[in-house]
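1. Quick one, fold the following:
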Amino acid sequence: MNLFAEMEMEIRSALTALQGQGKLADGLDMTRLTVEPPRDASHGDMATNAAMVLAKAAQMKPRDLAELLVEEVLKSDLIEAAEIAGPGFVNLQLDKAAWHRLVPHILHSGKAYGDGESGDKVNVEYVSANPTGPMHVGHARGAVVGDVLARLLEKTGSDVAREYYINDAGAQVDVLAQSALLRMREAKGETIGEIPDGLYPGDYLVPVGENLATMDVPKEEAEALTMAKSVALPMMMDMIREDLEALGVVHDFFRSEQALHDDASVDKALDELTSKDLIYQGVLEPPKGKEPPPDWEPSPQTLFKSTEFGDDSDRALKKSDGSWTYFAPDIAYHFDKYQRGYAKMIDVWGADHIGYIKRMQSAVNAITDGEAQLEVKICNLVKLMRGGEPVKMSKRSGSFITLREVVDEVGKDAVRFMMLTRKSDAPLDFDFDLVKDKSRDNPVFYVQYAHARIFSVMKNARELGWQVDDADLATVPLDALEHEAELALVRLLGTYPRMLAAAAQAREPHRVAFYLMDLAAAFHGLWNLGKEELDLRFIQEDDVAGSMARLALIRATALTLRSGFDVIGVTPQDELR
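-> All right, here's what the predicted structure looks like:
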């Protein structure tokens, strides 16, 4: 049940009725019509822009159309009051019974409350870190944002594929192999001293070296590097998978960049662009007043006509020596997604790749003839803080704090929730002290505490012998829910499906965490009111009917919290110590 969608249907029905009465022109485009919460809650439960967006086509003044609409919508049993605001917006006050219907619906739906039916097929690629070491805390943010976005899209009805692109074909993999061979020499008893600059210094490569030390590694350097790669890469990916699983992140597909070279996918992508006359030989002008990009060189290169698709420069696919730029396999990879049936693609990238968005979107548009769409979500930096000071580097990684170290210290649920407390493209401070604090200042604790409090109340009700299973509560009369704080909580429950749909459409998973904080605050507020106004207490033995109504309301609140927790991948707690 989505009351906002229901009210939109009521508005459309009223407009259709007006057309049938000859008071409104036929054939009006209603696609821009919306029903949403008013900016000021005192103005009503919902507001519609119907008169504003239809007035011109109807050849009427917005307020005149609004007056007709108000008269018609008041015929609905669901609407108690309607009034015109400003130039022609219509504010709606719903009948209390309309809101009360939500509670049994949530009790029957359980975790499925808010499910949608978008029917989209979407590929979400996230993390895709170089397979050269453990995940760091920056990867944690991209992992959470990508995973929650995938969960959110599934919740609202999409068929989602979670994907990780393994960057296993670049120079960084050669450095990994060299670093592993150094650790092999160490495992054989050689004193290696300080790790040379340019190699990976982390202790995580010690097991790789020990593994290589048991093998017959060729003495010829190129062959030794090939063997080191074949050993190190799978071990790195196993470590990465384990780190991600500790955070509750599991991908459906892993696609290798090297495989795209090996199966000629990169060549095929270039051939596809060539067949569309989008490739030429030329020399790019260096950017004025800026450092030239890595793919720029002052000699002829194989270039893609990226500017024809909205980019600010054409882009190099091949260097003058015939080797591929990093852009070429990325095009092949996204073309591969399209060929696998994904016309909608969402990539989650770090903020350092923001300048890469236009060219990649141009390439996807070009190679699929505009049939595929690439969206990119940016994750900004995460700063770890402890005692008001930045956290220093980790010995395990050699240069950064690992994702696993953070998860082991505070738990996956705290990490996941905190990564959603800011928009993904805004910098985020992760304060260890705050995450461990058991107060309302800690959003993780505050929301979990709401769920635990409800669990405690329901436990007390059962100890009184009351029947408070969901099926029983769904039959309880709710007339006693009359206080504004109770109705405000019901209204907030009613916005959950709309919030999910809007968050999915905007690709903004942080909205779910924000909603859970608002819902927890509304519940805690009602709990605190019960200390001052005894008739608002959830359990009153001398008022069983009123108590059961309030228990139905808070149980519906707990189920909505659990549904939201499931979307963000957090385990709800029944008790907090």
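2. can you pull the contacts of the most centrally placed residue in the chain?
-> What sits nearest the mean C-alpha location of the chain, by CA atoms, centre = their mean, is residue 149, with 2.8 Å. Neighbour list for residue 149: 124, 126, 346, 348, 377, 507, 509 [criterion: CB atoms under 8 Å, 6 or more residues apart in numbering]. Bear in mind the C-beta positions are built from the backbone N, C-alpha and C, glycine included.
3. ditto for residue 482
-> Residue 482 makes contact with residue 96 under the criterion CB under 8 Å, 6+ apart.
4. Do you know the pLDDT at it?
-> Per-residue pLDDT puts residue 482 at 92.
5. and it, backbone torsions?
-> With angles defined as degrees, to the nearest 10, residue 482 sits at phi -120, psi -20.
6. One more: residue 316?
-> Torsion angles at residue 316 (phi, psi; degrees, to the nearest 10) stand at phi -80, psi 140.
7. how about it, what does it touch?
-> Residues in contact with residue 316 (CB under 8 Å, 6+ apart) are 284, 295-297, 301-304, 325, 327.
8. Then residue 58?
-> 24-25, 28, 65 are the contacts of residue 58 under CB under 8 Å, 6+ apart.
9. Show me the helices in the stretch 151-300 of the chain, by range?
-> Using DSSP state H, counting those that start in this stretch, the helices of the stretch 151-300 of the chain run over 171-187, 206-213, 221-246, 257-262, 265-275.
10. most tightly surrounded among those helices?
-> Highest mean neighbour count of the helices of the stretch 151-300 of the chain: helix 171-187, a mean of 20 (counted as mean count of other CB atoms under 10 Å).
11. and residue 90, which of the three is it?
-> Per DSSP: H, G, I helix; E, B strand; the rest coil, the secondary structure class of residue 90 is strand.
12. Who does it form a beta bridge with?
-> residue 48, residue 84 (DSSP bridges).
13. Okay, it and residue 79: tell me how far apart.
-> 10 Å (CB to CB, to the nearest Å).
14. Among the two, which residue is more densely surrounded?
-> With neighbours defined as other CB atoms under 10 Å, residue 90 and residue 79 compare such that residue 90 has more, 28 against 22.
15. Wait, that one touches residue 81, no?
-> No: assessed by CB atoms under 8 Å, residue 90 is found out of contact with residue 81, at 10.7 Å.
16. how close does residue 317 sit to residue 280?
-> 10 Å.
17. higher neighbour count, those two?
-> It is residue 317, of residue 317 and residue 280, that has more neighbours when counted by other CB under 10 Å, with 24 against 13.
18. after the one helix or strand that one maps to, next one along is what?
-> Residue 317 is part of strand 315-318 when elements are defined by DSSP states H and E. Later in the chain than strand 315-318, the nearest helix or strand by DSSP H and E is helix 327-339.
19. if I look at residue 317 and residue 280, which residues touch both of them?
-> Common neighbours of residue 317 and residue 280 (criterion: CB under 8 Å, 6+ apart): 302-303.
20. And for residue 351, the neighbour number?
-> Neighbours of residue 351 using other CB under 10 Å come to 14.
21. Please read the previous query as pertaining to residue 448.
-> Considering only other CB under 10 Å, residue 448 is surrounded by 26 other residues.
22. Which secondary structure state does it sit in?
-> Classification of residue 448 using three-state DSSP returns helix.
23. Okay, it and residue 524: tell me how far apart.
-> Distance from residue 448 to residue 524, by CB to CB: 12 Å.
24. Please apply the same query to residue 461.
-> For residue 461, the distance to residue 524 equals 19 Å [CB to CB].
25. Have a look at those two and say which one is more surrounded.
-> Shown here are residue 461 and residue 524; by other CB under 10 Å, residue 461 has more neighbours (20 against 16).
26. my read: that one touches residue 468, true?
-> Yes: between residue 461 and residue 468 there is a contact under CB under 8 Å: 4.8 Å.
27. on that earlier part again, give me the pLDDT for the residue nearest to the centre of the chain.
-> Residue 149 is assigned a pLDDT of 98 by the prediction.
28. Kindly report the same for the one 3 residues further on.
-> In this model, residue 152 is scored at 98, pLDDT.
29. what's the first-to-last distance across stretch 90-109?
-> End-to-end distance of stretch 90-109 (CA to CA, to the nearest Å): 31 Å.
30. list the buried ones in that stretch?
-> Neighbour-count burial for stretch 90-109 flags 90-92, 94, 98-104, 106-107, 109 (criterion: 16 or more other CB atoms under 10 Å).
31. from those, which two are the most distant?
-> Farthest apart among those by CB to CB are 90 and 107. That separation is 31.6 Å.
32. where along the stretch 301-450 of the chain do the helices fall?
-> 327-339, 357-367, 403-410, 412-418, 432-436, 443-463.
33. mind giving me the domain ranges of the chain?
-> Recorded structural domains for the chain (assignment: automatic domain parsing) are 3-94, 126-252+380-436, 439-568.
34. Doesn't the residue nearest to the centre of the chain belong to a strand?
-> No: read with three-state DSSP, residue 149 is helix and lies in no strand.
35. Give me the distance between it and residue 123.
-> Taking CB to CB, one finds residue 149 at 12 Å from residue 123.
36. ditto for residue 494
-> Distance from residue 494 to residue 123, by CB to CB: 32 Å.
37. next one: residue 380
-> Taking CB to CB as the measure, residue 380 falls 23 Å from residue 123.
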